[in-house]
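> The following comprises the amino acid sequence and a computationally predicted model.
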Amino acid sequence: MYAIGFQELDLSPGAFLFNTSDREKEWRIAVEHVLQNLGKYKLVEQVRLVGIMLLVYVTEDHKENVTENISETVATGIMGTMGNKGGVGVRLKFHKTTFCFINSHLAAHEDECDRRNQDYNDICNGIKFEMENGKAYPIRSHDVVIWMGDLNYRITQLNRETVFEKIKSRRYRSLLEYDQLLQQIQLGKVLKHYVEGGIDFKPTYKFDIGTDNYDTSPKQKIPSWCDRILYLGRNCKQLVYRSHGLITLSDHKPVSSLFEVQVKVVDEAKYRQVLEEETRNLDREVNESLPRLTISTNEE
């Protein structure tokens, strides 16, 4: 199964006002071109909110095991309604295990940490997957939750020169002490109980597009780990967590993660057999517990 999230896919006026975008189709074609080299994959669900898009694929032989798939969106941008910031989500059931994938783009700028926290909480409160049977599933109700995106939390309290020194010497653990996201998690303000694998790659933002050089513009942005993947679920194990430094299409470096998930599978034949046996046992117990009445026609 693959879940692929995009942010700032298209910020054109048409995308903002009408939520239409030619780039949606272009990127889907590009993704499927790569996936066809890995096997036969089928799209399960696709959702987009302006520039935030999420695609979920499964292999063709597992497509029939996916049910209850549905998507939702929450905008948290300008005035709390514009979709330039916010989150999109997909939920599905694979065999008997429920999955939820969230792709979010939170508020920008170093001094907007509280706004990012609010965006996160707005997404949590706003995304409830309403099924046809009337049931509504919040994010945390699923067996496995994968939260990805440009969360936009920054490195603070350090000057640019010190940050570069730590990056050059690969002292990432020391640098992460100044990471806003980890600080907010420790304070219990966001992503409570979520797990993030160890970060062993350099900050993913901000780069000069087309290069591997950090921002040389007059703004001189301090490098930060804006792009993150976290997860929630007892039967979920993270095997790989990495960035892709060779990709230079954006001022961000994309990140990816590989998970191993234990899935609940029911043997339908055995299930029916056990159900029939239990039904017969229950019928017998009910019959044996019924009161018995004997009527005699003999007169004394």
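The structure has been received and is ready for your questions.
> could you say which helix or strand contains residue 275?
Taking DSSP states H and E as the definition, residue 275 sits inside helix 268-289.
> which SS class is residue 118?
Three-state assignment for residue 118 (DSSP: H, G, I helix; E, B strand; the rest coil): helix.
> Which residue, neighbours along the chain excluded, lies closest to residue 99?
Spatial nearest neighbour of residue 99, chain neighbours left out: residue 144 (5.0 Å); criterion: C-beta to C-beta, 6 or more residues apart in numbering. Any C-beta I mention is one placed from the backbone N, CA and C, and that applies to glycine too.
> Equivalent analysis for residue 245, please.
residue 253 (5.5 Å).
> what about residue 74, how many residues close to it?
For residue 74, the neighbour count with other C-beta atoms under 10 Å is 23.
> Look up how far residue 6 lies from it.
Applying C-beta to C-beta, to the nearest Å, the value for residue 74 to residue 6 is 16 Å.
> quick revisit: just how off-centre is the helix holding residue 275 within its chain?
Here the centre of helix 268-289 is set off from its chain's centre by 41 Å, with C-alpha atoms, centre = their mean, to the nearest Å.
> by contact count, what packs against it?
Here helix 268-289 touches no other helix or strand, going by 3 or more C-beta pairs under 8 Å, 6 or more residues apart in numbering; DSSP states H and E.
> Show residues contacting whichever strand or helix holds residue 148.
Counting by DSSP H and E, the element that carries residue 148 is strand 144-150. By C-beta atoms under 8 Å, 6 or more residues apart in numbering, the list of residues contacting strand 144-150 from outside reads 3, 5, 7-8, 52, 87, 97-106, 139, 191, 194, 226-233, 235-236, 252, 255, 257, 259, 261.
> Would you map the helices across the protein?
13-18, 22-35, 113-126, 160-168, 172-176, 180-186, 268-289 (DSSP state H).
> Now do the fourth one: which elements does it pack against?
Counting contacts by 3+ C-beta pairs under 8 Å, 6+ apart, helix 160-168 packs against helix 172-176.
> sorry, back to before: so for the strand holding residue 148, mean pLDDT?
Strand 144-150 shows an average pLDDT of 99 in the prediction.
> relative orientation of that strand and helix 113-126 in degrees?
Orientation check (axes from the mean of the first three to the mean of the last three C-alpha atoms, to 10 degrees): strand 144-150 against helix 113-126 gives 140 degrees.
> Just give the strands next to strand 144-150 in its sheet, each with its orientation.
strand 97-105 (parallel), strand 227-232 (antiparallel) (DSSP bridges).
> Counting neighbours, which bits of the first one end up buried?
Right, strand 97-105. Using 16 or more other C-beta atoms under 10 Å as the test for burial, strand 97-105 gives 97-105.
> Quick check: which ranges of this protein have low pLDDT?
Within the chain, the segments meeting pLDDT under 70 span 11-20, 79-83, 271, 292-300.
> and if we set it to 50?
Counting by pLDDT under 50, the chain has no low-confidence residues at all.
> before we move on, the earlier item: may I ask which two of the buried residues of strand 97-105 are separated the most?
Greatest spacing in the buried residues of strand 97-105, by C-beta to C-beta: 97 and 105 (27.4 Å).
> Count the neighbours of the residue nearest to residue 99 for me.
Count around residue 144 with other C-beta under 10 Å applied: 20.
> Look up how far residue 160 lies from it.
For residue 144, the distance to residue 160 (C-beta to C-beta) stands at 38 Å.
> repeat for residue 126
With C-beta to C-beta as the criterion, residue 126 and residue 160 are 36 Å apart.
> neighbour count winner among those two?
Using other C-beta under 10 Å, the more surrounded residue of residue 126 and residue 160 is residue 126, with 17 against 14.
> tell me the contacts of that one?
By C-beta under 8 Å, 6+ apart, the contact set of residue 126 is 72, 74, 87.
> contacting residues for residue 139?
Residue 139 is in contact with 89, 100, 102, 124, 127, 145, counting by C-beta under 8 Å, 6+ apart.
> actually residue 189, sorry about that
residue 117.
> Quick check: residue 94 touching residue 264?
No: checked against C-beta atoms under 8 Å, the pair residue 94 and residue 264 is beyond contact range at 9.2 Å.
> Those two: who's more crowded?
Ranked by neighbour count (other C-beta under 10 Å), residue 94 and residue 264 place residue 94 first, with 22 against 12.
> Cool, thanks, signing off.
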